[in-house]
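Student: Please find the sequence and the predicted model below.
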Amino acid sequence: MNKSGYQEDILRFISHFNASVNNIRLYSMDHPQVKKYIRTAYTILIDIFRVKKEMTLLLIDNDLVVDNTPIRSAGAHIVQFVSILKESGIERITLVAGLTGNGFSGFIREFASSDDSVIRSSQFIKLGKIDVKVKKEAADTMSTLSKEEKENLEELMEVRDLKYSEIKQLYHSMKAQKQVDVRGVDDMIKSFIKGFAHGLNPINLLASIKSADEYTFTHVVNVCILTMSQAESLGFKGKHLYQIGIASALHDVGKLFIPDEIISKPGKLTQNERKIIEGHSVKGARYILRMKEIPKLAVLGALEHHIRYDGTGYPELKGDWQPNIVSQMIAIADVFDAMRSRRPYQEPKPMELILQILEKEKGTTFNPVLVDNFFNLIK
Ligand SMILES: [Fe+2]
Ligand SMILES: [Fe+2]
């Protein structure tokens, strides 16, 4: 099945899911119409499982993200599905291949009942809620790390330092327009994926800059860590989490094509210099677009990471352009790391002030749901 066929299947699945829930509420579980809708939804799901072993539907604010991809259609089905999820307090559903027809119809029945406490996770249906309490507890336990967790953290720090030079190389080979090989960055991203699964507070892993010229690459590694840990906490995993790692590692690749004297100019920038720097988004996206082996998500990350949640920022794109959810995560990681770093024109800001600024920019610069999730991760 091609990609658009897969997308269509997801939309059809959602519309039959809604129809099933609505009809159970109107009639009963045994009504022939209900049975028909559930059967069709299940058949579509089986088709989807032929392409992917599992499918994750994730609610972020009012947007639905299926696997890696925000569903851009604002059709009535999506709006209704989002409201069904919200009513139930469910923000993430992962359906796993192996789910039986009975298991599926039981799940739909639980969803249709007005009592959301009956909706349960199972082996083939995993449900999630971005739970503030759970994340807080995870953060608290960081101060009392077990031996295994300490070892995990130390191991990750080692990988981070080792891979720092490979990121540098990757960027340099991109600058030289040579064939780009992301394999060096590969291990770093895979190790981070493993580390985040242990509920790691990403702040513990951030590298600090030793000299001014190290900024670009330290920043890249940090943005990668901060973006991946956000993504992991929202339920992205496996291949998607990996691609998000690559996208965040390449978000600023366009800066390679901006003269150094402008990038590290200590004083105030002229209007013209500012415009040149702002060009790094489009330059980076255009560059990655030509690279065969780099996931296309990285094109979006480079292009969109300075577009604000309210649609302002840069570059100015046509129409009602909505940045990809991954670009929105990169934007938070990017600004957070920039504020905590010493730059030729800026002293590092204290953590308290950084958090205040993020809080203030919720809903304007940043997606508010993502900011709250980010706070839960790092506090
Ligand atoms: Fe940037
Ligand atoms: Fe950046």
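Tutor: Noted; the coordinates are in hand. Ligands and ions are numbered 1, 2, ... in the order given.

Student: which residues sit in contact with the residue of the stretch 151-300 of the chain found nearest ligand 2?
Tutor: Of all residues in the stretch 151-300 of the chain, Asp252 sits closest to ligand 2, at 4.2 Å by Cβ to the ion. Where C-beta positions appear, they are placed from N, C-alpha and C, glycine not excepted. Going by Cβ atoms under 8 Å, 6 or more residues apart in numbering, Asp252 touches 216, 219-220, 223, 280, 284, 302, 305, 334.

Student: quick one: average confidence on the lengthiest helix in the chain?
Tutor: Longest helix in the chain, counting residues (DSSP state H): helix 147-175. Here helix 147-175 scores 74 as its mean pLDDT.

Student: One more: stretch 245-260?
Tutor: Average pLDDT, stretch 245-260: 90.

Student: likewise stretch 99-115?
Tutor: Average pLDDT, stretch 99-115: 86.

Student: So what touches it?
Tutor: Contacts for stretch 99-115 (Cβ under 8 Å, 6+ apart): 17, 20-21, 24-25, 29, 38-39, 41-42, 45, 84, 88, 118-120, 122, 124-125.

Student: For it, output the C-alpha coordinates as CSV.
Tutor: Listed next in CSV are the C-alpha coordinates belonging to stretch 99-115 (Å, rounded to 0.1, in the frame of the first residue of the first chain):
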residue,chain,number,x,y,z
LEU,A,99,-5.7,-7.6,18.6
THR,A,100,-8.7,-9.9,18.1
GLY,A,101,-12.1,-8.8,16.8
ASN,A,102,-13.6,-9.5,20.2
GLY,A,103,-10.8,-7.5,21.9
PHE,A,104,-11.5,-4.7,19.6
SER,A,105,-15.3,-4.6,20.0
GLY,A,106,-14.8,-4.8,23.8
PHE,A,107,-12.6,-1.8,23.6
ILE,A,108,-15.2,0.2,21.5
ARG,A,109,-17.8,-0.8,24.1
GLU,A,110,-15.7,0.6,26.9
PHE,A,111,-15.2,3.8,24.9
ALA,A,112,-18.9,4.2,24.3
SER,A,113,-19.9,3.9,27.9
SER,A,114,-20.1,7.2,29.7
ASP,A,115,-17.9,5.9,32.5
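
Student: and the protein, which residues reach ligand 2?
Tutor: Residues of the chain lying close to ligand 2 by Cβ under 5 Å from the ion are 252, 334.

Student: hmm, try it at 6 Å
Tutor: 219, 223, 251-252, 334 (Cβ under 6 Å from the ion).

Student: Reformat these as TSV; add secondary structure and distance to Glu232.
Tutor: Output for these, formatted as TSV (DSSP: H, G, I helix; E, B strand; the rest coil; distance: Cβ to Cβ, whole Å):
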residue	secondary structure	distance to Glu232
His219	helix	20
Val223	helix	15
His251	coil	17
Asp252	coil	21
Asp334	helix	18
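
Student: And the pLDDT for Ala74?
Tutor: 60.

Student: Tabulate the CA atom coordinates of whichever helix or strand comes after the longest helix of the chain in PDB.
Tutor: From helix 147-175 onward toward the C-terminus, using DSSP states H and E, the following helix or strand is helix 183-196. Output in PDB follows, covering the C-alpha atoms of helix 183-196 (Å, rounded to 0.1, in the frame of the first residue of the first chain):
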ATOM      1  CA  ARG A 183      25.600   6.600  10.500                       C
ATOM      2  CA  GLY A 184      27.900   8.200  13.000                       C
ATOM      3  CA  VAL A 185      25.000  10.000  14.600                       C
ATOM      4  CA  ASP A 186      23.100   6.800  14.500                       C
ATOM      5  CA  ASP A 187      24.600   5.200  17.700                       C
ATOM      6  CA  MET A 188      24.100   8.400  19.600                       C
ATOM      7  CA  ILE A 189      20.500   8.500  18.800                       C
ATOM      8  CA  LYS A 190      20.000   4.900  19.500                       C
ATOM      9  CA  SER A 191      21.700   5.200  22.900                       C
ATOM     10  CA  PHE A 192      19.500   8.100  23.700                       C
ATOM     11  CA  ILE A 193      16.400   6.100  22.800                       C
ATOM     12  CA  LYS A 194      17.500   3.400  25.300                       C
ATOM     13  CA  GLY A 195      18.300   6.000  28.000                       C
ATOM     14  CA  PHE A 196      15.000   7.800  27.800                       C
END
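
Student: so Leu57 makes contact with Val66?
Tutor: Yes. Under the criterion of Cβ atoms under 8 Å, Leu57 makes contact with Val66 at 5.6 Å.
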